[in-house]
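In: take this sequence and fold it.
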Amino acid sequence: MPLVCPKCKSDVIAVAGDDALEAVCPKCKQVIDLETIGESPVSAPPKPARRPSAAPDEDKYCRIQAGDMLGGCRMDEMIGAGGMAVVYKATQISLNRPVAVKILPKRLARQRAFVERFAKESAALAALNHPNIVTIIDRGHVGDTYFFVMEYVEGTTLKRLIGENGLPPADCAKYMAQMCSALDYAHRKGVVHRDIKPRNIMVNSEGNVKIADFGLAHLTEEGGSSHDRLNGGTDAYMAPEQREGAGPIDGRTDLYSLGVVFYEALTGRLPSRAYAPPSRLNPRVDARLDGVLERALQMDPARRYQSPNEFWGAVEAAIRPAQQATEVCPKCKAASPETERKCLKCGASLEHLFEGCPECRHANRRDVKICRKCGLNLAAWREKKWQEIGDINARVPGLARDKKFDEAIRLLTDIAKLDGGAFADARRMAKQRTAELLDQRREWARETFEAGKKLADEHQYDNAVKLWQQIPKAEMDVSGPLAQAQARMKERANLVAEGDQQWKRREAQAALSFWRRAAALWPDNSDLKAKITDAENQLSAEKVVQGYLAEGKTLLASRDYPACRETCQKALEVAPDHPAVKQLLDSLEAKELKDEVESAVRKGDECLDAYRYFEAIEWWQKAAAMSPSDSALATDIAERIALAKSERLRRRLVVAVVAVCALAFVVLIALVIRNAIG
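Out: Coordinates of the predicted model:
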């Protein structure tokens, strides 16, 4: 891949070396020895040129020129290259700040396992937030180019600081404390580094450690061969189980690598198979550290330190007596017997070197390991307390970030209550940190109150109450605003309940009125919005139904029964089971029935007038059958039938009388004629 030489700015070709990747400038012949991805964003001069050991691989990474954009960053210059990545110094455009962009090899994009791991595991890596860890700001890919955007660190690597003679033990201890803190944080997050080595440990311009590339070795490893396994770490610093693939890789694997780094920092050399105590190689190293490192470099993970805190506790316990030795006498530095309260040489007070036993309160010198009165193992007790202090100091930043100030202050108060001069610095730092936390809590309380007030102004009373309830009473009295918000919440709940009752009574307009008043106090309630929509839809439908009802009543009055029935059906399509529509249909059916009954009665009357009595009775009986429950109609029909029958009988009697009279008249005439003739 064409890169830019930091010396002459010419194109450079990345080539694979025996143990790393080298960048060789064809113009000035400068070879940039940045062994792996751990050669992170630093500004340090390159080492002298070495002879490249492999052919160039121009298609290993994407081609990037100065000024190119990637992931919202403008590439400025190449500052590092390694077996697993190329690093560019860039500018993040959105914040106008320097960042480091780490570009992974193209070959990884062709591996399904890498692509599946990248999205899942890179998110966990980006979530790491610790002052001694290089922060990953962003990650992503464009085509087959996968990259990380990271914090840019001004400084150098621990590898360059170590050099050939190692570092002063005091500096080593300082860096170890920070590295153990970073590893403990990452391990608790479930992230194992897998490639701890001096080149992956940055030291910034303030002299603080920044560990780079957490978990990146695992993310970019390519398979199960021995060559591929080395991509998951650097051979000289790898634990046996990682190098040989003989066991699970966990936090203890990192502790082995950290032990190698500590050994190298103290001596300037890597540990050999035949363990040589570091104090033998460097007389400045306290012999107490020999046993500490011997345990850290055990082949069996079960025999090593099991956590970074345990490792640091052992280191601290080993170096503490040496630090205290210079405090024997504050004036002449002479040593006195451990029971003396005054210096035997100059007479200065040594009271500050004594502390009470936590069991019997007997005063012992701080360098005494066993209480002279009750036999308590003071060294073990102090080591345990220092480990507890370390755990608390490691937890407090996370608690502060999570706004759990009271818990953090309680833990720091436990440190502040410790007796004895050995813990003077710890007490001072705890009190200082407590004061800072109180200030942070006060500021957080103010910001939380303002955020809650803004939510209350937007009628988001639920969220406002949740925020205000988190504010400690010691910081701010929010009972007034809290009571007002809760009263508003109760008011809107009552309005919703009253609207629900009106809705059950089919009073849509009244329900809508209550719900709209509640919505003005509850704008983010989706259920309430749905109720209002339902009520508005029903009222709109009611308006249409009322139009159909008016039309139907007009048609009913004009006796246009088919048209009235059709109108009612249309109304039911808009509002099924509407009681007014059903009532109109009932009226329609009643009126139709009444008309049919009246028509049958009228036809019966017409038949009676025409002396068709049998037909009249049939029509009247049909009318009675149409309305069997109408007693008045039944009585009227019965009277009509009785009248018809009596009329029919009277008519028959009249006909019979007339017939008899006619017959008698004929007989009389016949007799008269007969008599006349005779």
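
In: so the closest residue to residue 603 other than its chain neighbours, which state does it fall into?
Out: Nearest non-adjacent residue to residue 603, counting by CB to CB, 6 or more residues apart in numbering: residue 619, 4.6 Å away. (C-beta placed from N, C-alpha, C; glycine too.) Using DSSP: H, G, I helix; E, B strand; the rest coil, the structure places residue 619 in helix.

In: would you mind measuring from residue 86 to residue 79?
Out: Distance of residue 86 to residue 79, given as CB to CB, to the nearest Å: 9 Å.

In: cool, residue 410 as well?
Out: Going from residue 410 to residue 79 by CB to CB gives 45 Å.

In: of these two, who's got more company?
Out: residue 79 (25 against 13; other CB atoms under 10 Å).

In: now that one, what's its secondary structure?
Out: strand.

In: tell me the pLDDT at the nearest residue to it once chain neighbours are set aside?
Out: Nearest non-adjacent residue to residue 79, counting by CB to CB, 6+ apart: residue 89, 4.8 Å away. Here the pLDDT value assigned to residue 89 is 93.

In: number of nearby residues for residue 89?
Out: Other residues close to residue 89 by other CB under 10 Å number 20.

In: so what's it bridging to?
Out: Residue 89 has these beta-bridge partners by DSSP bridges: residue 77, residue 100.

In: who touches stretch 457-472?
Out: 403, 405-406, 441, 445, 448-449, 451-453, 455-456, 478, 481-482, 485-486, 488-489, 492, 520-524 (CB atoms under 8 Å, 6 or more residues apart in numbering).

In: mind jotting down where the helices sit in the stretch 51-200 of the chain?
Out: With DSSP state H, counting those that start in this stretch as the criterion, the stretch 51-200 of the chain has helices at 112-126, 158-162, 169-188.

In: phi and psi next, for residue 342.
Out: The phi and psi values for residue 342, taken as degrees, to the nearest 10, are phi -130, psi 150.

In: so it sits against residue 354, correct?
Out: No - contact criterion CB atoms under 8 Å: residue 342 and residue 354 do not qualify, at 11.4 Å.

In: so which of those two has more stuff around it?
Out: Taking neighbours as other CB under 10 Å, residue 342 and residue 354 compare with residue 354 leading, 18 against 13.

In: lowest-pLDDT helix or strand in the chain?
Out: When each helix and strand of the chain is scored by mean pLDDT, DSSP states H and E, helix 226-230 comes last, with a mean of 37.

In: for the residue nearest in space to the middle of the chain, give me the pLDDT.
Out: Taking CA atoms, centre = their mean, the centroid of the chain lies closest to residue 127, which sits 12.4 Å from it. Residue 127 is assigned 81 on the pLDDT scale.

In: contact partners for it?
Out: Residue 127 makes contact with residue 189, according to CB under 8 Å, 6+ apart.

In: same question, residue 161
Out: The neighbourhood of residue 161, defined by CB under 8 Å, 6+ apart, consists of 167, 203.

In: before we move on, back to that, could you measure from the residue nearest to residue 79 over to residue 547?
Out: For residue 89, the distance to residue 547 - CB to CB - is 75 Å.

In: I figured residue 341 hits residue 349, correct?
Out: Yes - Residue 341 lies in contact with residue 349 (CB under 8 Å); the separation is 7.0 Å.
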